[in-house]
Every structure is written in C-alpha cells, then in structure tokens.
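# model this:
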Amino acid sequence: MTADPQDLAARIRPALTKLYVTYFRMAEQSDLTGPQITIMTRLQEHGASRISEVARQEGIRMPTASNALHQLEHRGLIERIRDTSDRRGVRVQLTKFGISELARVGEERTRYLAQLFSYWDQDELNEVSELVPLIETLAERYGMEAT
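Numbering: from 1, shown residues only. All right, here's what the predicted structure looks like:
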C-alpha cells in the first residue's frame with residue numbers, strides 16, 4: 001500500500017491528538033506554557049530579536065507577541081535592550097534566569113516524554129528512534145511555513 005499525505009493524516013491525527021492532550025496534561029504543572037517555551041527557545045537559538053521578528057517567527061500578531069513578551073519580562077525571563085543598529089529600536093533577549101528556567105523546564109518535559117516512552121520494549125524504542133529525523137524535519141518545515 002502506498003501512503004499518501006491525506007490518508008496518513010487521517011490515520012495518525014486521532015493518536016496525535018490524544019498524545020498532545022496527554023503530554024500537555026503532564027506538563028501542566030510547568031511554570032511555562034508551550035508558546036512561552038517556543039518564544040524563549042527561538043530567542044536562545046537566534047539571540048536578541050525585535051518584537052516584530054518574534055511575531056513573524058512565531059506566526060502570531062504583534063499585539064499577541066507583545067503581550068507574551070511582557071509576561072516573560074514581568075517574570076524576569078527576558079529583558080529589553082536597545083538595538084545596536086538602530087538606537088530607537090528595542091530587542092528582547094533571555095536573561096540568565098530565563099536561560100536556566102528554559103533548561104529546567106526542558107528537562108522536566110523530557111522526563112514526561114520519557115515516562116510515555118517507558119511503556120515500549122527495546123525493539124519498539126529502536127523503531128521510534130528511527131523516526132526522530134523525520135519528526136524533526138516535519139517540525140522544522142512546519143515552523144518555516146508558520147513564518
């Protein structure tokens with residue numbers, strides 16, 4: 001049987017939805033929301049950014065980005081700095097506390113996922129391990145389409 005995108009999506013969507021809900025219920029105890037983590041991760045990967053860049057990269061509107069960044073700033077996770085190329089402009093960057101919190105929450109969520117994966121035997125873990133590059137590629141492509 002030859003797989004096509006529509007058929008594959010129809011087959012996998014219900015399971016992905018269940019996994020998504022399960023994962024985020026487990027991660028609910030976290031101090032940071034998924035969107036906050038993605039914003040902070042982008043800042044860690046790309047460095048200080050203008051609010052408009054954050055909005056574009058996240059595929060959200062400026063007011064939404066501004067509000068999210070305000071919440072992160074209020075918690076001491078990011079800070080505003082003057083743009084060195086345009087003194088009128090402002091960029092946001094992670095604080096040292098933001099970097100450590102992002103690492104802590106990342107480790108926490110990795111433990112949650114490991115808990116989900118602990119039900120598989122070694123052969124199943126090996127099979128899933130082979131899918132990791134495909135999942136990473138899918139996530140990267142999806143992220144690029146959102147921008």
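# tell me where the protein has strands.
In the chain, the strands defined using DSSP state E lie at 49-50, 78-82, 90-94.
# format the ones you listed as CSV; extra columns: distance to Gly59, mean pLDDT and mean neighbour count.
All C-beta atoms are positioned from the backbone trio N, CA, C, and that covers glycine. Shown next, in CSV, are those (distance: least, C-beta to C-beta, whole Å; pLDDT from 0 to 100; neighbours: other C-beta atoms under 10 Å):
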stretch, distance to Gly59, mean pLDDT, mean neighbour count
strand 49-50, 14, 94, 18
strand 78-82, 19, 95, 16
strand 90-94, 17, 96, 19
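# can I get these in TSV with distance to Arg109?
Formatted as TSV, the strands of the chain follow (distance: least, C-beta to C-beta, whole Å):
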stretch	distance to Arg109
strand 49-50	23
strand 78-82	19
strand 90-94	18
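# closest to Glu107 out of those strands?
strand 90-94 (16.4 Å; C-beta to C-beta).
# so which elements touch that closest one?
helix 34-46, strand 49-50, helix 51-58, helix 62-74, strand 78-82 (3 or more C-beta pairs under 8 Å, 6 or more residues apart in numbering; DSSP states H and E).
# give me the contacts around the shortest one.
The reference is to strand 49-50. For strand 49-50, the external contacting residues (C-beta atoms under 8 Å, 6 or more residues apart in numbering) are 42-43, 57, 83, 89-93.
# farthest pair within these?
Arg42 and Gly89 (18.0 Å).
# which one of these two is surrounded by more residues?
A side-by-side neighbour count of Arg42 and Gly89, using other C-beta atoms under 10 Å, places Arg42 first with 16 against 13.
# roughly how far does Val129 sit from Ala139?
Not quite, residue 129 is Ser, not Val. Using C-beta to C-beta, to the nearest Å, Ser129 is found at 16 Å from Ala139.
# could you do Thr84 as well?
31 Å.
# looking at this protein, which helix or strand is least sure?
In the chain, no helix or strand scores lower on mean pLDDT, DSSP states H and E than helix 122-146, which sits at a mean of 87.
# quick one: contacts of that one?
58-59, 117, 120.
# show the buried residues in those residues.
Glu58 (16 or more other C-beta atoms under 10 Å).
# measure stretch 49-69 end to end?
Terminal residues of stretch 49-69 lie 11 Å apart, using C-alpha to C-alpha, to the nearest Å.
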